[in-house]
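J.: Sequence first, predicted coordinates after that:
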Amino acid sequence: MTPEEPGAAPAPRALSGPPVTVSITRLVEPDRIPDATCWVQSGVNLANRYPGFLGSGWVRSHATSREWHMLYRFADHDSLATWENSDDRLRWLDVGRDLVVESRVEKRTGIEGWFDAPADTPASSAPPRWKQAVSIWLGFFPVNLVFTILVGIFVPSFGHLSALPRVFITTVVLTPIMTFWVLPFVTRLIRPWLLAPGKP
């Protein structure tokens, strides 16, 4: 695929799955930080030309840290693969070969993707699983309650169905609502609590 010209709007395309967040930890020598900063920004500029690129960021733990936490996100696996397999990216990585050492790469989708750390927060600060469970419940309970009440009012015969078709219809309707609207809203609303450090 030929990269689009800088600033051009990406062509519409069908998504092939949920967004994918890539978390990378790289080691940078302190005396190479200015060069590494320019290199990282050039990579962001390149990725921004590719359809499906949703943004990126990086952060260091402290001023003298060698460890950089970097995040970038694509709309789906196909658009991520197009970027990762592109000649642009391969040339960019080759330029930075002497600047950084890649030490860890993680890719997260689905439920994990809802709780990605923001671009200015180290990936290691993702909330604990119990907070993720509370967040999902906070979204699922009111949505399921409203659905049950509305179906009872407008489709009274729904309650006479056996358990299997009732559960099937409910999950088919509520899963996309939870995925694309409710959970993103809930996690944005309570993000300060989600990312608050736990007690030692």
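T.: Right, received. Where do you want to start? Just so it is clear, the model here is predicted, and its values are computed rather than measured.

J.: Just to check, Arg166 is in contact with His160?
T.: No: between Arg166 and His160 there is no contact under C-beta atoms under 8 Å: 9.3 Å. Using the backbone N, CA and C atoms, a C-beta is placed for each residue, glycine as well.

J.: Those two: who's more crowded?
T.: More crowded of Arg166 and His160, by other C-beta atoms under 10 Å: Arg166, with 14 against 7.

J.: which other helices and strands contact whatever helix or strand that one lives in?
T.: Using DSSP states H and E, the element containing Arg166 is helix 163-177. Applying 3 or more C-beta pairs under 8 Å, 6 or more residues apart in numbering; DSSP states H and E, one finds that helix 163-177 contacts helix 129-154.

J.: what helices or strands is the helix it packs on leaning on?
T.: helix 110-114, helix 163-177, helix 183-189, helix 191-194.

J.: and the second one with helix 129-154, angle?
T.: Interaxial angle, helix 163-177 versus helix 129-154 (axes from the mean of the first three to the mean of the last three C-alpha atoms, to 10 degrees): 120 degrees.

J.: list the buried ones in the helix holding Arg166?
T.: Across helix 163-177, burial judged by 16 or more other C-beta atoms under 10 Å covers Leu174.

J.: and if you look at stretch 89-99?
T.: Within stretch 89-99, the residues scored as buried using 16+ other C-beta under 10 Å are 89, 92, 96, 99.

J.: Is the last one in contact with Pro34, as I believe?
T.: Right, the one you point to is Leu99. No: assessed by C-beta under 8 Å, Leu99 is found out of contact with Pro34, at 10.2 Å.

J.: Confirm that Trp58 lies within a helix, as I assumed.
T.: No: applying DSSP: H, G, I helix; E, B strand; the rest coil, one finds Trp58 to be strand, outside a helix.

J.: For the residue nearest to it when sequence neighbours are not counted, list each beta-bridge partner.
T.: In space, and not counting its chain neighbours, Trp58 is closest to Met70: 4.2 Å by C-beta to C-beta, 6 or more residues apart in numbering. Beta-bridge partners recorded for Met70 (DSSP bridges): Ile24, Trp58.
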